[in-house]
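Asks: please work out how this folds:
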Amino acid sequence: MIPDRLYKQWLNIDISNKCSLKCPECVRTKFIKNKIPLPGKDIDLKQFDKISDFFIGKRFDFCGTFSDAIYNKYFIDMLEMCKQKNIDVCVHTAASHRPESWYIDAFNANKNAEWRFGIDGLPKNSHKYRVNQNGEKLFSTMLIAKEKGLPVSWQYIIFDYNKEEIEEAKNLSKLHKINFLLIDTNRKNGINPVSKTKNKFIPKCVHAKRDLAFSITGHITPCCWTNVSWDEPYLKDIFSKENHIDNFEKIEDVFKTTAWVNFFKMLQENPELAPTTCKEKCSVLINDDVEQTEEWFKFDDN
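Replies: Residues are numbered from 1 along each chain as shown. This is a model prediction of the structure:
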């Protein structure tokens, strides 16, 4: 049985297959390095309208597996659509190659949208991981959003090159009254690498709070972690041509398919058969290491 609460949660949505950055640990960079064709294309407004109808009054996280949301040519229209449908929005962005005028139009399209800017280190140094990013331009863009009254936050992933800059960055965030999100992660050169030793498999989509996802392949998926698991058992069926959203009049019909029913039946009755991705991402660590820890510093007075 598919948990009812999955229908009441938010959606992590990938709306493009384009990004100007070359972050070393991004799956997109790994595909390009290994000469694997990038999947999918820009989601269009007809598809977005169908998806957003199902999530009216809920929340979208524009946080791409393969893309930065700002590169979908319809993105500003999508922000307006979310406002009209009372959908909460959080835009996760790290690319910096749009002109200032475009950002202003995007901010004006939905002033309720939260923007989370990925600048890892002081703006002048963030390009060391976010390859091709202009951190100083993106920081200035963040200030423009702040001045326009949008809720904004600065996301800072810790690496060896920026761990000595944390306090200065926090003070800079405090100066501008911008919320600061500090993240320890298992990315290469991070200062808190994840342990490989795991314990009990507890799928979050069944037993805890976990967001659904939309893949750039055109499929609704159990979570964003599964977005590159196209050939894994059970997930392969979810990513089938038959389950592409263009084949459904309403998104709710996706969850009634044999692929979705069988996936959740397996997780609840035979979890030992779960795909590798599920076991890797939803197993409890037996020590104090964590895959990712987050610490908020609230400086925003909005």
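Asks: rest of the way, CA atoms for contacts and neighbours
Replies: OK.
Asks: which parts of the stretch 1-150 of the chain are helices?
Replies: Counting by DSSP state H, counting those that start in this stretch, the stretch 1-150 of the chain has helices at residues 27-33, 45-54, 75-84, 100-109, 135-147.
Asks: what about the stretch 1-150 of the chain, any weak spots by pLDDT?
Replies: 1-8 (pLDDT under 70).
Asks: again, only this time at 90
Replies: Applying pLDDT under 90 to the stretch 1-150 of the chain flags residues 1-10, 64.
Asks: buried sites along stretch 32-41?
Replies: Going by neighbour count (16 or more other Cα atoms under 10 Å), the buried part of stretch 32-41 is 38, 40-41.
Asks: let me fix that: stretch 260-271
Replies: Buried, per 16+ other Cα under 10 Å, within stretch 260-271: 260, 262-264, 266-268, 271.
Asks: who touches it?
Replies: 1-2, 201, 203, 206, 234-235, 238, 254-255, 273-274 (Cα atoms under 8 Å, 6 or more residues apart in numbering).
Asks: just the buried ones out of those, please.
Replies: For the contacts of stretch 260-271, a burial check counting by 16+ other Cα under 10 Å picks out 2, 201, 203, 206, 234-235, 238, 254-255, 274.
Asks: alpha carbons of stretch 144-154, as PDB, please.
Replies: Extracted C-alpha coordinates of stretch 144-154, given in PDB (Å, rounded to 0.1, in the frame of the first residue of the first chain):
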ATOM      1  CA  ILE A 144      18.900  42.100  -4.600                       C
ATOM      2  CA  ALA A 145      16.400  39.400  -3.700                       C
ATOM      3  CA  LYS A 146      16.700  40.400  -0.100                       C
ATOM      4  CA  GLU A 147      16.100  44.000  -0.900                       C
ATOM      5  CA  LYS A 148      13.000  43.100  -2.800                       C
ATOM      6  CA  GLY A 149      11.700  41.400   0.300                       C
ATOM      7  CA  LEU A 150      12.000  37.700  -0.700                       C
ATOM      8  CA  PRO A 151      13.000  35.200   1.900                       C
ATOM      9  CA  VAL A 152      16.600  34.200   1.000                       C
ATOM     10  CA  SER A 153      19.300  32.000   2.600                       C
ATOM     11  CA  TRP A 154      23.000  31.400   2.000                       C
END
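Asks: touching it from outside, list them.
Replies: Residues contacting stretch 144-154 (Cα under 8 Å, 6+ apart): 104, 107, 111-119, 142, 173, 178-181, 300, 302.
Asks: chain center to that stretch: distance?
Replies: 19 Å (Cα atoms, centre = their mean, to the nearest Å).
Asks: so of the contacts of stretch 260-271, which ones are in helices?
Replies: If you go by DSSP state H, these have 206, 235, 238 in helices.
Asks: residues of stretch 98-112 that come out buried?
Replies: Those would be 103, 106-112, for stretch 98-112 by 16+ other Cα under 10 Å.
Asks: surely F180 touches Q155?
Replies: Yes: assessed by Cα atoms under 8 Å, F180 is found in contact with Q155 at 6.2 Å.
Asks: looking at those two, which has the bigger crowd around it?
Replies: With neighbours defined as other Cα atoms under 10 Å, F180 and Q155 compare such that F180 has more, 25 against 22.
Asks: what sits against that one?
Replies: F180 is in contact with 153-156, 170, 173, 296-299, counting by Cα under 8 Å, 6+ apart.
Asks: what's the closest of these to T221?
Replies: Taking Cα to Cα as the measure, Q155 is the one of those closest to T221, at 25.5 Å.
Asks: could you give the bridge partners of that closest one?
Replies: Applying DSSP bridges to Q155 gives these bridge partners: G118, L181.
Asks: next: L11.
Replies: Judged by DSSP bridges, the bridge partners of L11 are F60, L212.
Asks: what count of nearby residues applies to it?
Replies: When neighbours are defined as other Cα under 10 Å, L11 has 28 of them.
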